[in-house]
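Trainee: Predicted model, plus sequence, below.
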Amino acid sequence: MQSINPFTGQIVEEYREYTSSEVEKIIIQVDQAFQSWKQTSFVERAVCMKNLQAKLLERKAELASIMTSEMGKVLREAIGEIEKCALVCGFYAENAESFLKNEPIITEASESYVTYQPIGTVFAVMPWNFPFWQVFRFLAPALMAGNTGVLKHASNVPGCALAIEQLVRDAGFPENVFRTLLIASSSVKAVIENPFIKAVTLTGSTPAGKSVASIAGSALKKSVLELGGSDPYLILEDADIETAARLCVTSRLLNAGQSCIGAKRFIIADKIYDSFKTEFVRLMAQATYGDPLDLQTTIGPLARVDLRDELHLQVERSREMGATVLLGGFVPEGNAAFYPPTVLENVVPGMPAYHEELFGPVAVLFRFKTEEEAIRTANDTVFGLGAGIFTADLAKGKMLAEKGLEAGCVFVNDFVKSDPRLPFGGIKGSGYGRELSVVGIREFMNVKTVVVK
Ligand code: NAP
């Protein structure tokens with residue numbers, strides 16, 4: 001396994017993959033750790049989780065630079081990502097006990113209630129795009145709930161995977177409550193089928209989700225899937241154009257456009273289409289790509305050259321089929337996996353840019369005449385992760401958010417962000433189940449009914 005710096009093209013480090021007997025041994029050790037970890041109190045777990053929060057903040061510069069060198073995220077955003085991981089640790093350290101307290105239910109019995117009990121070791125298969133945050137939003141609730149975890153991280157971020165394992169150890173958690181497995185995706189099936197693994201959570205692409213879900217289904221193990229997205233943003237004719245364009249561009253360019261909840265499709269009212277387009281293209285053109293360690297850089301390279309080339313192919317194929325490229329749309333010279341901010345219009349059904357997730361700084365503009373047409377275009381996708389609406393009419397914004405858009409979350413007059421307090425997840429091809437908040441921590445619990453006659 002190799003970490004390759006996508007800015008320099010150089011190998012950062014090489015790692016040996018674990019053998020299947022090493023993997024089996026680790027899983028047994030993690031199960032043994034579960035047997036005592038599940039008996040600990042919330043107070044004991046919270047002490048470890050608060051230590052983990054402190055360690056993240058103490059080491060944020062060092063941890064952020066591992067991310068930047070392995071997948072090209074600009075350092076400024078990498079530091080913010082570590083701070084967000086610290087936030088989710090604090091959030092679950094403080095709230096897990098109340099989220100999981102017994103709930104009395106009135107029946108004819110003398111006492112009846114629901115109790116939330118941990119189920120054992122949860123297997124997490126994670127992507128490279130937010131290599132710390134994706135893991136921590138699983139890890140913090142899982143460990144606070146009394147579960148244990150094993151991680152198979154994306155193959156291009158083994159340094160991040162090992163750094164997370166070490167942090168958990170350094171925070172004083174008992175040995176083996178959380179372990180990293182350096183394995184390829186071909187070994188995922190055997191891990192899911194291992195009898196000591198009780199459930200699986202995957203964040204990644206739709207094909208990976210389908211594969212993991214079918215293996216988990218035939219092994220009768222619960223799965224949570226956080227998959228891709230092609231988030232639509234409706235810009236209604238009463239929207240504040242400058243604010244809408246600024247927030248839409250921010251969302252589209254965050255993490256060099258490699259975010260599942262990045263704003264990807266912009267569906268704009270006919271009357272304001274031209275003025276929104278002018279402002280949007282102006283702001284996209286201002287973004288600079290360059291050295292991710294430079295604090296002035298807006299976007300770094302994409303995580304891998306092959307991913308950049310795939311994105312460019314989606315743009316090229318759409319252009320050949322009649323799409324107009326308003327900005328960008330070329331592969332810059334050099335070794336770095338850069339892709340410039342790109343804007344497309346005249347995109348119609350049949351083109352890759354209409355149907356597929358564009359995992360990079362590429363935006364697609366659509367025009368609508370009626371709200372029905374806007375909703376139809378927004379929902380004409382296999383995905384259903386996030387969505388946004390910009391309008392001065394909040395009642396209408398809420399109505400369209402609740403009843404119109406097919407998505408797991410909708411933000412009105414802002415772009416979609418994950419937040420430890422709010423449930424996060426999608427519908428349709430974007431997956432099922434939820435992470436974060438009270439809902440997320442209950443996903444991997446035995447919701448046990450107790451009745452006392
Ligand atoms: P990916 O290729 O699906 O990889 C994600 C993880 O799954 C990696 O650990 C990968 O391992 C593993 N994997 C890939 N194919 C597999 C298979 N057939 N069976 C089992 N495991 C498999 O996705 P990615 O390119 O890393 O991440 C980008 C995708 O993730 C985008 O679609 C993005 O929208 C989505 N995403 C979703 C969310 C969300 O919360 N909904 C958040 C972030 C990203 P290897 O690296 O070894 O192949």
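Mentor: Structure received.
Trainee: Any residues of the chain in contact with the ligand? List them.
Mentor: On the criterion CB under 6 Å from any ligand atom, the ligand has as its neighbours in the chain the residues 125-129, 134, 152-155, 184-185, 188, 203-205, 208, 211-212, 226-229, 260, 357, 359, 385, 426, 430. Where you see a C-beta, it was placed from the backbone N, CA and C, and this is true even at glycine.
Trainee: now those: which count as buried?
Mentor: Members of these that pass the buried threshold by neighbour count (16 or more other CB atoms under 10 Å) are listed as 125-129, 134, 152-155, 188, 203-205, 208, 211-212, 226-229, 260, 357, 359, 385, 426, 430.
Trainee: Among those, which lie within helices?
Mentor: Members of those lying in helices (criterion: DSSP state H): 134, 188, 208, 211-212.
Trainee: pLDDT for those residues - can I get that in TSV?
Mentor: What follows is those, written out as TSV (pLDDT from 0 to 100):
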residue	pLDDT
Q134	98
V188	98
A208	97
S211	98
V212	98
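Trainee: The residues you listed: which two are farthest apart?
Mentor: Using CB to CB, the two most remote members of those are Q134 and S211, lying 18.1 Å apart.
Trainee: And R317, how close does it get to the ligand?
Mentor: 18 Å (CB to the nearest ligand atom, to the nearest Å).
Trainee: Make sure I have this right: that residue is in a helix.
Mentor: Yes. Secondary structure assignment places R317 in a helix (DSSP: H, G, I helix; E, B strand; the rest coil).
Trainee: Quick check, pLDDT for it.
Mentor: Each residue has a pLDDT score; the one for R317 is 98.
Trainee: what do you get for T298?
Mentor: Residue-level confidence at T298 comes out at 89, pLDDT.
Trainee: For the nearest residue to it once chain neighbours are set aside, grab the count of nearby residues.
Mentor: Closest residue in space to T298, ignoring its immediate chain neighbours: A287 at 4.1 Å, by CB to CB, 6 or more residues apart in numbering. Neighbouring residues of A287 were enumerated by other CB atoms under 10 Å; the total is 18.
Trainee: what residues are up against A287?
Mentor: Applying CB atoms under 8 Å, 6 or more residues apart in numbering to A287 gives the contacts 249, 253, 298-299, 341, 361.
Trainee: Show me how the record splits this structure into domains.
Mentor: The chain breaks down into these structural domains: 2-227+427-452, 231-412 (assignment by automatic domain parsing).
Trainee: how about CSV for these, with distance to R421 added?
Mentor: As requested, those are exported to CSV (distance: least, CB to CB, whole Å):
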stretch, distance to R421
domain 2-227+427-452, 6
domain 231-412, 12
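Trainee: of those domains, which approaches D419 most closely?
Mentor: Proximity to D419 (CB to CB) singles out domain 2-227+427-452 among the domains of the chain, at 7.0 Å.
Trainee: Show me how far that closest one is from its chain's centre.
Mentor: In terms of CA atoms, centre = their mean, to the nearest Å, the centre of domain 2-227+427-452 is found 13 Å from the chain centre.
Trainee: what's the first-to-last distance across that domain?
Mentor: 56 Å (CA to CA, to the nearest Å).
Trainee: One more: stretch 230-244?
Mentor: Here the two ends of stretch 230-244 are set 18 Å apart, with distance taken as CA to CA.
Trainee: pLDDT (mean, whole number) over it?
Mentor: The average pLDDT within stretch 230-244 is 98.
Trainee: got the buried residues for that stretch?
Mentor: Within stretch 230-244, the residues scored as buried using 16+ other CB under 10 Å are 230-237, 239, 241, 244.
Trainee: Show the residue spans covered by the helices in the stretch 251-400 of the chain.
Mentor: Defined through DSSP state H, counting those that start in this stretch, the helices belonging to the stretch 251-400 of the chain, from first to last, are 273-286, 305-320, 352-355, 371-379, 394-399.
Trainee: of all these, which lies closest to R442?
Mentor: Per CB to CB, nearest to R442 of the helices of the stretch 251-400 of the chain: helix 394-399, 26.5 Å.
Trainee: who does the closest one touch, helix- and strand-wise?
Mentor: In terms of contacts (3 or more CB pairs under 8 Å, 6 or more residues apart in numbering; DSSP states H and E), helix 394-399 is packed against strand 409-412.
Trainee: can you give me phi and psi for the residue in the chain that the ligand sits nearest to?
Mentor: Of the residues in the chain, the one nearest the ligand is G204, at a distance of 2.6 Å by CB to the nearest ligand atom. Backbone geometry at G204, expressed as degrees, to the nearest 10, gives phi 170, psi -150.
Trainee: What's the separation between it and L100?
Mentor: 28 Å (CB to CB, to the nearest Å).
Trainee: Equivalent analysis for Y116, please.
Mentor: Using CB to CB, Y116 is found at 4 Å from L100.
Trainee: Between these two, which contacts overlap?
Mentor: By CB under 8 Å, 6+ apart, Y116 and L100 have these common neighbours: 145, 442, 445.
Trainee: ok, residues contacting stretch 267-280?
Mentor: The list of residues contacting stretch 267-280 from outside it, by CB under 8 Å, 6+ apart, reads 232-237, 239, 241-242, 244-245, 248-249, 266, 326, 343, 345, 363, 365-369, 374, 377-378.
Trainee: one more time with 7 Å, if that's ok
Mentor: With CB atoms under 7 Å, 6 or more residues apart in numbering as the contact definition, stretch 267-280 has outside contacts at 232-237, 241-242, 244-245, 248-249, 343, 365-369, 374, 377-378.
Trainee: before we move on, what about stretch 442-450?
Mentor: The contact list for stretch 442-450 (CB under 7 Å, 6+ apart) reads 100, 112-119, 122, 142, 145, 147, 199, 224, 433-434.
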